[in-house]
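Visitor: Have a look; sequence and predicted model below, questions after that.
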Amino acid sequence: MAKILVIAEHDGQALNPSTAKTIACAAEIDGAEIDVLVLGASVAGPAGEAAQLSGVNRVCTIEKAENEHSLAATFAPQIVSAADGYTHVFGPSTTFGRDLMPRVAALLGVNQVSDIMSVSGPHSFERPIYAGNVIVSLETPADAVVVATVRIASYKAVAGGNSAPVESLDVAAELPAHTRYVSTQAASSDRPDLQTAATVVSGGRALGSAENFDLIYSLADKLGAGVGATRAAVDAGYVQNDLQVGQTGKIIAPELYFAIGISGAIQHLTGIKDAGTIVAINKDEEAPIFEVADIGIVGDLFTIVPELTEALG
Amino acid sequence: MEKILVGLKRVVDYNVRVRVKSDGSGVETDGVKMSINPFDEIALEEALRIKEAGGANEVIVVSIGSSESQQQLRTGLAMGADRAILVSTDSAPDSLTCARALLQIINKEEPGLVIVGRQAIDDDNSQTGPMLAALWDRPQATFASGVEIEGDKASVTREVDVGMETIDVDLPAVITVDLRLNEPRYVKLPDIMKAKKKPLDEIALDDLEVEAAPRITHTTYAPPAERQKGIMVDDVAGLVAALKDKGLV
């Protein structure tokens, strides 16, 4: 029987929504018993949230001062120690998981399955490669632990209402001092989180400047939407990196996505292919974005976007 | 530091639209343009800049793959690397095997820093860098968009989901680089000529006595489900009507 350990992502206060989606993936394995591991300095908040998630059998916590920040070199040996007896160790395919899980896999002596998008069996999975242009089906060896990251845009968060027991784990692991957290520069925004927002408004290089991105913010605020951007817009300095959508940014699955002044490079499209409805606004009728858009409008974004914002009022 | 080691992977060029073979056994690579993984190119550029600023004496590029990977190593030498090592194998090595092979090279060369791309654009795995750091029992700084070498430490700015994170690591360490770290230089013709004279050593993967990793088997390759082309509207009124039609606004 599959015994799955899910590594929780959190900021010390609250559980990141990626955890409930990782659990949803784990729950696709028939008869899986799912435990959640929460590492941190003080994790009562996130551990309590994890205990409420449907399908969770048990929440384990490892509280140490050294765990205040999620450093892969510090977390990995503790996870390896806690993973004893589990058939699977899953984490989210966020920067947290992408940093941490391969380190865990190497210490356990296995290859990792990155970005699971669908489960066919305890050792059979599908994942995207080549920026999502190819889907590969794969089999992991039946006699080895499966270490994987979950493509969270492929899953809907499991519901709450559970009350799993929370237990503190005492693991013996030597923790390195060679890696030290210094600081985080987080963009503060009152807008919905890009990765969980039902509607996302994204802008590309055609916006032309950071000031012009106000058009995107205005439309987003009218819709109660999150804001995203292409790599080109981030490279040009219009917005900070945390808004980037695509192969090396965030992979998202909103119900409604506005691609504004975005040509539709494959590296961007891979980040939005699971969106419900894609609206494209672009002055170039040949732009590849129109090949995937559900609703397209050819024209000058500087005219259309303010008009649209007004019309939605 | 004396040496910086940079990993270069030969991949299908960034601009190629890849196609799945009709029998689903893999991806079409015959006659397709191949290049250095763009992230690895950024890794090499960073190593060269550190060397040029006096932070290192030698930059070594390493590739693991078929003998054709020599082309990418030669490009790396033309960019400015001092020498190259090809770990040759005809099979497509998995991440853990690559990490174990790189560790063998590290044990021999004893670099002060290893820099690789955050992921390869073919398998999009994002594994080899952190795996190598784990096996080497050294720090990792992934998704780097800023690297400052200060004596036997590095201060690395990382692009993470919430924004930017800065960590300090003791050297030696493994850094994996993100797109905004730098812009790789263009190779000039005289450099290509010069690169032909630089040393390129070849060692068979089998001779490195790397422990075999449990293999993940790829059973079938398929194109993704296509999104259907939708409707075009003429104006904002048409757009709002279409959105209302779908119950989205």
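Guide: Great, that's in hand. Numbering: from 1, shown residues only, chains lettered A, B, ... in the order given.

Visitor: Show me where chain B has its helices.
Guide: For chain B, helices defined by DSSP state H occupy the ranges B:38-52, B:70-79, B:95-109, B:128-136, B:189-195, B:236-245.

Visitor: Could you point out which of these sits nearest residue A:267?
Guide: Smallest distance to residue A:267 across the helices of chain B (CB to CB): 10.3 Å, for helix B:38-52. In short, each C-beta sits where N, CA and C put it, glycine included.

Visitor: Tell me which residues of stretch A:300-313 come out buried.
Guide: A:301, A:304, A:305, A:307, A:308, A:309 (16 or more other CB atoms under 10 Å in any protein chain shown).

Visitor: and chain B, which of the residues you listed reach it?
Guide: A:304, A:307, A:308 (CB under 8 Å from any CB of the partner chain).

Visitor: how about these in JSON lines, adding secondary structure and pLDDT?
Guide: Below are those laid out as JSON lines (DSSP: H, G, I helix; E, B strand; the rest coil; pLDDT from 0 to 100):
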{"residue": "A:304", "secondary structure": "helix", "pLDDT": "97"}
{"residue": "A:307", "secondary structure": "helix", "pLDDT": "97"}
{"residue": "A:308", "secondary structure": "helix", "pLDDT": "97"}
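
Visitor: Name the nearest of these relative to residue A:123.
Guide: residue A:308 (48.1 Å).

Visitor: I'd guessed that closest one sits against residue A:219; true?
Guide: Yes. Here residue A:308 reaches residue A:219: they are 6.4 Å apart, a contact under CB atoms under 8 Å.

Visitor: list the contacts for residue A:249?
Guide: Taking CB atoms under 8 Å, 6 or more residues apart in numbering or on different chains, we find residue A:249 in contact with A:231, A:234, A:241, A:243, A:271.

Visitor: at 10 Å what do you get?
Guide: A:95, A:194, A:228-231, A:234, A:241-243, A:267-268, A:270-271, B:159, B:161, B:179 (CB atoms under 10 Å, 6 or more residues apart in numbering or on different chains).

Visitor: Which ones among those lie within helices?
Guide: Members of the contacts of residue A:249 lying in helices (criterion: DSSP H): A:95, A:231, A:234, A:267, A:268.

Visitor: burial of the first one, as a residue count?
Guide: With neighbours defined by other CB atoms under 10 Å in any protein chain shown, the count for residue A:95 comes to 24.

Visitor: Which residue, other than its chain neighbours, is closest to it?
Guide: residue B:160 (4.3 Å; CB to CB, 6 or more residues apart in numbering or on different chains).

Visitor: need the contact list for the one you found.
Guide: Residue B:160 neighbours (CB under 10 Å, 6+ apart): A:70, A:94-96, A:98-99, A:184-186, A:241-242, B:142-143, B:145, B:178.

Visitor: what about burial for these, which qualify?
Guide: A:70, A:94, A:95, A:96, A:98, A:99, A:241, A:242, B:142, B:143, B:145, B:178.

Visitor: tell me the contacts of the second one?
Guide: I take that to be residue A:94. Neighbours of residue A:94 in contact, by CB under 10 Å, 6+ apart: A:9, A:16-19, A:21-22, A:100, A:149-150, A:152, A:195, A:250-251, B:160-162.

Visitor: Mind doing that once more with 7 Å?
Guide: A:9, A:18, A:152, B:161 (CB atoms under 7 Å, 6 or more residues apart in numbering or on different chains).

Visitor: most surrounded residue in those?
Guide: residue A:152 leads the contacts of residue A:94 on contacts (other CB under 10 Å) with 31 neighbours.

Visitor: Report the inter-axis angle for the longest strand seen in chain B versus helix B:38-52.
Guide: Among the segments of chain B that qualify as a strand by DSSP state E, the longest is strand B:140-150. Angle of strand B:140-150 versus helix B:38-52, following axes from the mean of the first three to the mean of the last three CA atoms, to 10 degrees, is 20 degrees.

Visitor: So for residue A:313, what's the pLDDT?
Guide: Residue A:313 is assigned a pLDDT of 75 by the prediction.

Visitor: let me fix that: residue A:187
Guide: pLDDT, read off for residue A:187, is 75.

Visitor: now it: how far from residue A:166?
Guide: 32 Å (CB to CB, to the nearest Å).

Visitor: how many other residues sit next to the residue lying closest to residue A:227 once chain neighbours are set aside?
Guide: Sequence neighbours aside, residue A:220 is the residue nearest to residue A:227 in space, at 4.9 Å (criterion: CB to CB, 6+ apart). For residue A:220, the count of nearby residues is 23 (other CB under 10 Å).

Visitor: mind listing what the residue nearest to residue B:174 when sequence neighbours are not counted touches?
Guide: Leaving aside its chain neighbours, residue B:174 sits nearest to residue B:133 (4.0 Å; criterion: CB to CB, 6+ apart). Listed by CB under 7 Å, 6+ apart, the contact set of residue B:133 reads A:103, B:139, B:140, B:174.

Visitor: of those residues, closest to residue B:63?
Guide: Using CB to CB, the contacts of residue B:133 come closest to residue B:63 at residue B:174, 16.7 Å.

Visitor: Distance check, that closest one against residue A:164.
Guide: From residue B:174 over to residue A:164 (counting by CB to CB), the distance is 36 Å.

Visitor: between these two, which one's more packed in?
Guide: residue B:174 (28 against 19).

Visitor: Just confirm that one contacts residue B:131, I think it does.
Guide: No. Residue B:174 lies out of contact with residue B:131 (CB atoms under 7 Å); the separation is 9.2 Å.

Visitor: and residue B:68, how many residues sit next to it?
Guide: 12.

Visitor: gap between it and chain A?
Guide: Using CB to the nearest CB, to the nearest Å, residue B:68 is found at 19 Å from chain A.

Visitor: For that residue, which residues are in contact?
Guide: Here residue B:68 is in contact with residue B:10 (CB under 7 Å, 6+ apart).

Visitor: Check residue A:50 too.
Guide: Taking CB under 7 Å, 6+ apart, one finds A:8, A:15, A:19, A:36, A:38, A:56, A:59 in contact with residue A:50.

Visitor: From those residues, pick the one nearest residue A:294.
Guide: The shortest approach to residue A:294 among the contacts of residue A:50 belongs to residue A:19, at 30.5 Å (CB to CB).

Visitor: Name the nearest residue to the closest one, ignoring sequence neighbours.
Guide: residue A:8 is the one closest to residue A:19 (CB to CB, 6+ apart), at 4.7 Å.

Visitor: List the contacts of that neighbour.
Guide: A:15, A:19, A:36, A:37, A:38, A:46, A:50.

Visitor: in a helix, that's where the fifth one is, yeah?
Guide: Which is residue A:38. No. Under DSSP: H, G, I helix; E, B strand; the rest coil, residue A:38 sits outside any helix and is assigned strand.

Visitor: Can you read off the pLDDT for it?
Guide: Looking at residue A:38, the pLDDT reads 98.

Visitor: what are the C-alpha coordinates of stretch A:40-49, in CSV please?
Guide: In CSV, the C-alpha atoms belonging to stretch A:40-49 read as follows (Å, rounded to 0.1, in the frame of the first residue of the first chain):
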residue,chain,number,x,y,z
GLY,A,40,9.6,25.3,10.7
ALA,A,41,10.6,27.1,13.9
SER,A,42,7.1,27.3,15.1
VAL,A,43,4.4,25.7,13.0
ALA,A,44,1.2,25.5,15.0
GLY,A,45,-0.6,27.6,12.4
PRO,A,46,0.3,25.8,9.3
ALA,A,47,0.1,22.4,11.0
GLY,A,48,-3.4,23.1,12.2
GLU,A,49,-4.4,24.1,8.7
